[in-house]
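Novice: Requesting a structural model of the entry that follows:
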Amino acid sequence: MENNRNSDVSHEGHRERLTDLINNSGIDCVSTVQAVEFFLTYIFPRGDVNPLAHRLLDRFENFGNIVDACESDLKSVKGINDRSAKKIKLFSELIFYYSSSKMSKKISLNNRGEFLDLLEQTLRFQTTEVLYFFAFNNKFMLTHKRKFNRKSKESVGISPIQIYEFLATAKPFYLVIAHNHPGGSAFPSQDDADANAFIESIIKDFNCSLIDSYIVGIDGIYSEYNKGFPRKFDTYGTLISSITKMDDN
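Specialist: Sure, this is the predicted structure:
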């Protein structure tokens, strides 16, 4: 029993030293293992999480892949149970909540660049297909947003009741919707057009207008109403260029 107490004290001291190191130097100045270990201290209130940090990095290679991993994949790593897997998985939601709450009061459709920044930040690196509703007032200021998990790529994935509930809460003057194509082009499909028509049929009874529908893919952000890319992603072009060169060789 005394050994366990000494061990807990030792780990607590290590956590404090790691916290002080990151607080004084910044997380960019520590090793990848130390950064992941520090993150795990929020998931596990006690104990030595250094070995677990190593196991997670051995399995997923970097911090981003750890956070993006599905729960079942996370639980395949020794030391990760249902609860800790859920906490890790929800970390990206927490980061988005923080950043979007800082930005939301400033976002206006009058500044398209800011809104495109929000779309890129929200949807570019999502690993599953999700749909967002953005509500704006009559001065084009963002007032509410809501995330919907799409049940499949072939359907809008949300019920009319969910749309009614959002509209009743947000009372938007203008509405913008956006979803992503994980790992694919942002060019719209017939399914996307059908989803837009479905949503427009629902909101016609409300005093608001659907003014655009955006798709975020690996190649950029596509505006379905303007039928073009207001923003392209350079990484996609670099990838295509590399593949072309390989084919030429």
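
Novice: Doesn't V36 belong to a helix?
Specialist: Yes. Under DSSP: H, G, I helix; E, B strand; the rest coil, V36 falls within a helix.

Novice: got a pLDDT number for it?
Specialist: At V36, the model reports a pLDDT of 95.

Novice: Grab the nearest non-local neighbour of it.
Specialist: Counting by Cβ to Cβ, 6 or more residues apart in numbering, the nearest residue to V36 once its immediate chain neighbours are dropped is A53, at 4.2 Å. Just so you know, the C-beta spots here come from the backbone N, C-alpha and C atoms, and that holds for glycine as well.

Novice: so that neighbour touches V33, yeah?
Specialist: Yes. Here A53 reaches V33: they are 5.2 Å apart, a contact under Cβ atoms under 8 Å.

Novice: When those two are compared, which one has more neighbours?
Specialist: Higher neighbour count among A53 and V33: A53, with 24 against 13, using other Cβ atoms under 10 Å.

Novice: Which secondary structure element is home to the closest residue to V49 other than its chain neighbours?
Specialist: Among residues not flanking V49 along the chain, L40 sits closest, at 3.9 Å (Cβ to Cβ, 6+ apart). Element membership for L40 (DSSP states H and E) is helix 32-43.

Novice: avg pLDDT for the following helix or strand past that helix?
Specialist: Going down the chain from helix 32-43, the next helix or strand is helix 50-60, by DSSP H and E. For helix 50-60, the mean per-residue pLDDT is 95.

Novice: Next, the angle helix 32-43 makes with helix 50-60.
Specialist: 110 degrees (axes from the mean of the first three to the mean of the last three Cα atoms, to 10 degrees).

Novice: ends of stretch 76-92, how far apart?
Specialist: End-to-end distance for stretch 76-92, by Cα to Cα, to the nearest Å: 20 Å.

Novice: Break this structure down into its structural domains.
Specialist: Annotated domains of the chain cover 2-89, 99-239 [automatic domain parsing].

Novice: which non-adjacent residue is nearest N62?
Specialist: Closest to N62 by Cβ to Cβ, 6+ apart is T32, at 6.9 Å.

Novice: For the residue nearest to V49, give me its contacts.
Specialist: 49, 52-53, 56 (Cβ atoms under 8 Å, 6 or more residues apart in numbering).

Novice: One more pass at 7 Å, please.
Specialist: 49, 52-53 (Cβ atoms under 7 Å, 6 or more residues apart in numbering).

Novice: Check F134 too.
Specialist: Shown in contact with F134 (Cβ under 7 Å, 6+ apart): 142, 145, 176.

Novice: if we can go back for a sec, how about the helix holding L40: buried residues?
Specialist: Across helix 32-43, burial judged by 16 or more other Cβ atoms under 10 Å covers 34-41, 43.

Novice: just to revisit the earlier point, deepest of the domains of the chain, which one?
Specialist: Highest mean neighbour count of the domains of the chain: domain 99-239, a mean of 16 (counted as mean count of other Cβ atoms under 10 Å).

Novice: Would you pull up how far that domain lies from the middle of the chain?
Specialist: Between the centre of domain 99-239 and the centre of its chain there are 13 Å (Cα atoms, centre = their mean, to the nearest Å).

Novice: Check stretch 28-42 too.
Specialist: Its chain's average C-alpha position is 21 Å from that of stretch 28-42, according to Cα atoms, centre = their mean.

Novice: ok, back up a step: and which of the buried residues of helix 32-43 is nearest D20?
Specialist: F38 (11.0 Å; Cβ to Cβ).
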